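Chemist: sequence unknown, structure follows:
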């Protein structure tokens, strides 16, 4: 009987979590044209309209005083910037995890996002608490296991003589 290496199972988890991030960003980004020619990702008007309402909801009952103040005093007045950063970061995490590309950096960004999502919504329900604990734990596992080396572009690049030096700095 053949057994599958633990790294392969971590790769499966990495791809599934990455797909979840891509699903989460699906309606947040649209493609616009710069000068009517060059396509670039932009935040959808729908997400820009929804985001302030959701952040205000997260802040209104949040028992963590310093985080509530952060949401109300910094995020809400700069909602367009934070909505754009959130959508682009989710897309980067999703693509990075699915492809196994720059997985260490991707896991750090995902960890930052997951911690913030947890701080924003953990007080709302037990389901929110558990889900974000699993996301945070997954990111720590991806970081510690260097999850992009199995079934990922990181592993392919590290196998090449030119890739060892520069990629080690990023993964």
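Modeler: Cool, the structure landed. Here the structure is a predicted model, which is why all the values come from computation and not from measurement. Numbering: from 1, shown residues only.
Chemist: What sits closest to residue 15 if chain neighbours are left out?
Modeler: residue 98 (5.5 Å; CB to CB, 6 or more residues apart in numbering). The C-beta positions use only the backbone N, C-alpha and C, and glycine is treated the same way.
Chemist: what's the answer for residue 84, then?
Modeler: Using CB to CB, 6+ apart, the closest residue to residue 84 is residue 43 (5.0 Å).
Chemist: Can you report how many residues neighbour residue 24?
Modeler: Look at residue 24: counted by other CB atoms under 10 Å, it has 17 neighbours.
Chemist: Once you drop chain neighbours, what's closest to it?
Modeler: Closest to residue 24 by CB to CB, 6+ apart is residue 90, at 5.6 Å.
Chemist: wait, isn't the one you found in contact with residue 19?
Modeler: No - contact criterion CB atoms under 8 Å: residue 90 and residue 19 do not qualify, at 11.9 Å.
Chemist: and the two? which has more neighbours close in?
Modeler: Neighbours were counted for residue 90 and for residue 19 using other CB under 10 Å; residue 90 has more, 22 against 13.
Chemist: so what's that one up against?
Modeler: Counting by CB atoms under 8 Å, 6 or more residues apart in numbering, residue 90 touches 21, 22, 24, 25, 28, 113.
Chemist: ok, and the closest non-adjacent residue to residue 48?
Modeler: Per CB to CB, 6+ apart, closest to residue 48 is residue 83, 5.6 Å.
Chemist: State the mean pLDDT of the strand or helix carrying that neighbour.
Modeler: Using DSSP states H and E, residue 83 falls within helix 79-99. Per-residue pLDDT over helix 79-99 has a mean of 96.
Chemist: Pull the number of nearby residues for residue 112.
Modeler: 14.
Chemist: Over to residue 134?
Modeler: 12.
Chemist: Are we agreed that it is in a helix?
Modeler: Yes - counting by DSSP: H, G, I helix; E, B strand; the rest coil, residue 134 falls inside a helix.
Chemist: can you pull out the strands in the protein?
Modeler: Counting by DSSP state E, one finds strands in the chain at the ranges 29-34, 38-43.
Chemist: buried stuff in the last one?
Modeler: Taking 16 or more other CB atoms under 10 Å as the basis for neighbour counts, the residues of strand 38-43 that come out buried are 42, 43.
Chemist: can you check stretch 116-127 too?
Modeler: Neighbour count says stretch 116-127 has 116, 117, 118, 119, 120, 121, 122, 123 buried, by 16+ other CB under 10 Å.
Chemist: which ones are touching the first one?
Modeler: What that stands for is residue 116. By CB under 8 Å, 6+ apart, residue 116 has no neighbours at all.
Chemist: so what's it scoring on pLDDT?
Modeler: Residue 116 is assigned 95 on the pLDDT scale.
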